[in-house]
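Asker: Give me a model of this one.
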Amino acid sequence: MKAIWNGAVLAESDQTIMVEGNHYFPLDAIRSEYFKDSGTHTTCPWKGVASYHSIVVDEKTNPDAAWYYPAPKDPAKQSAGYVAFWRGVQVVK
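Answerer: Model prediction:
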């Protein structure tokens, strides 16, 4: 699987996991040069508190386009160490 935005491959892995219809990529599969920490956090009742990264490619920013659970609750513990995407990031085979 590949995560692509603005012509750049943000992550690539054959080790993704599916959670609620989203492919989560392992941290070692992301290309960190495109990721900028965000101060945004949201809470899911069963997964826990999510943290976000903005994606920056060729001086264009996609705010909060990647999220992860630094300390997921037990029902979502398989998502620890993984990142998912939205906001126009294409996830393709």
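
Asker: What ranges does the protein have for its strands?
Answerer: Here the chain has its strands, by DSSP state E, at 2-5, 8-12, 17-19, 22-26, 35-44, 48-57, 60-68, 82-85, 90-92.

Asker: If we go by neighbour counts, what in the fifth one is buried?
Answerer: Translated: strand 35-44. Along strand 35-44, the positions that meet the burial threshold by neighbour count (16 or more other CB atoms under 10 Å) are 35, 38. For the C-beta atoms, the positions are set from N, CA and C on the backbone; glycine is no exception.

Asker: quick one, it and strand 8-12 angle?
Answerer: Using axes from the mean of the first three to the mean of the last three CA atoms, to 10 degrees, the direction of strand 35-44 lies 60 degrees away from that of strand 8-12.

Asker: isn't residue 53 right up against residue 38?
Answerer: Yes. Assessed by CB atoms under 8 Å, residue 53 is found in contact with residue 38 at 5.8 Å.

Asker: if I look at those two, which residues touch both of them?
Answerer: Residues touching both residue 53 and residue 38 by CB atoms under 8 Å, 6 or more residues apart in numbering: residue 64.

Asker: Where does the prediction get shaky in this protein?
Answerer: For the chain, no stretch is flagged by pLDDT under 70.

Asker: Number of residues surrounding residue 51?
Answerer: 18 (other CB atoms under 10 Å).

Asker: where's it relative to residue 9, distance?
Answerer: From residue 51 over to residue 9 the distance is 22 Å, taken as CB to CB, to the nearest Å.

Asker: try residue 36
Answerer: Relative to residue 9, residue 36 is positioned 17 Å away (CB to CB).

Asker: ok, now residue 42?
Answerer: Taking CB to CB as the measure, residue 42 falls 26 Å from residue 9.
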